[in-house]
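*Asks:* I would like to see how this sequence folds:
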Amino acid sequence: GDLSPVPLSRAGGDTSPASPVPVAPVVRKTRPKWMEDDAPSPDKVFFAWTQEERCRRFGRAIPEAPPPGWATWYADALAAVGGDEGRLRSAWLAWLEDTWGQSRQPVCAARAFIGAEVWRRHVPGQGGAEAGSAGVAQLPPAEARRRAQLSVGRGEEPSAPCATGCGAVAALVVWGSPLCRACASRLEADVPRLTTDSVSGWVASRAREALPAALEASP
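*Replies:* Prediction:
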């Protein structure tokens, strides 16, 4: 009876060469798909490190894939910190401790971190507001162009009015909407999850509230 498997496997000879085929992708999948090339680029190595640290800090976090534009962001951010990746790593570790980042879903997401207002705030050795304005001045041309496109084609000119119609001048661009600092902090308090849609919806509702007041004020 012990010999019965032998003729069976021999009879199904066509199955044995196929058996390694389904195995191969399973083995590869132990590495994230985006890390499959043999010599990953520095931006991928950095991203893999960010996810290791994130999962170490938050045991239930699931590693993400790099968000769109990660490679471009990495090159521009590295240039902005004088080529010192250690400062970017410190910024990421500071981001993992950020209470606002921890309240996002998924927790401390990379796509939220690479927002110009977010990662720059976490780079060590930056002082409050001056660093913000210095940071804008030092933007690499590609990043400056990208931010100009984000802000409804106007760039971050302080002459842009706040999108809510509150009458103040916009100080920053949040998900494509130019906002003054007061409205931006109100937005963060009101909207738990910032996306292009949630921000533009909130802005539209504030603008509707501002409209009757503006009409009453006009002669």
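
*Asks:* give me the domain ranges for this structure.
*Replies:* 42-124, 172-214 (the TED database).

*Asks:* rank those by pLDDT, which is bottom?
*Replies:* The weakest mean pLDDT among the domains of the chain belongs to domain 172-214, with a mean of 81.

*Asks:* for the closest residue to Val81 other than its chain neighbours, give me its contacts.
*Replies:* For Val81, ignoring the flanking residues on the chain, the nearest one in space by CB to CB, 6 or more residues apart in numbering is Arg87 at 4.3 Å. Glycine gets a C-beta too; all of them are placed from N, C-alpha and C. With contacts defined as CB atoms under 8 Å, 6 or more residues apart in numbering, Arg87 is in contact with 81, 123-125.

*Asks:* format those as a markdown table; extra columns: neighbour count.
*Replies:* Output for the contacts of Arg87, formatted as a markdown table (neighbours: other CB atoms under 10 Å):
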| residue | neighbour count |
| --- | --- |
| Val81 | 20 |
| Val123 | 19 |
| Pro124 | 12 |
| Gly125 | 8 |
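
*Asks:* in JSON lines: those residues, plus distance to Thr99.
*Replies:* Converted to JSON lines, the contacts of Arg87 look like this (distance: CB to CB, whole Å):
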{"residue": "Val81", "distance to Thr99": "24"}
{"residue": "Val123", "distance to Thr99": "18"}
{"residue": "Pro124", "distance to Thr99": "18"}
{"residue": "Gly125", "distance to Thr99": "21"}
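
*Asks:* wait, which of those residues is closest to Cys108?
*Replies:* Nearest to Cys108 among these: Val123, at 15.9 Å, using CB to CB.

*Asks:* mind listing what's buried in the longest helix seen in the chain?
*Replies:* Of all segments of type helix in the chain, defined using DSSP state H, the longest is helix 196-217. Neighbour-count burial for helix 196-217, counted by 16 or more other CB atoms under 10 Å, picks out 199, 202-203, 206.

*Asks:* over to stretch 67-75?
*Replies:* 70, 73-75.

*Asks:* ok, residues contacting that stretch?
*Replies:* 41-43, 46-47, 88, 109-111, 114, 142, 146.

*Asks:* dump the domains of the chain to a markdown table, plus distance to Thr164.
*Replies:* Listed next are these as a markdown table, based on distance: least, CB to CB, whole Å:
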| stretch | distance to Thr164 |
| --- | --- |
| domain 42-124 | 17 |
| domain 172-214 | 4 |
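
*Asks:* out of those, nearest to Gly165?
*Replies:* domain 172-214 (3.6 Å).

*Asks:* thank you kindly, that will do.
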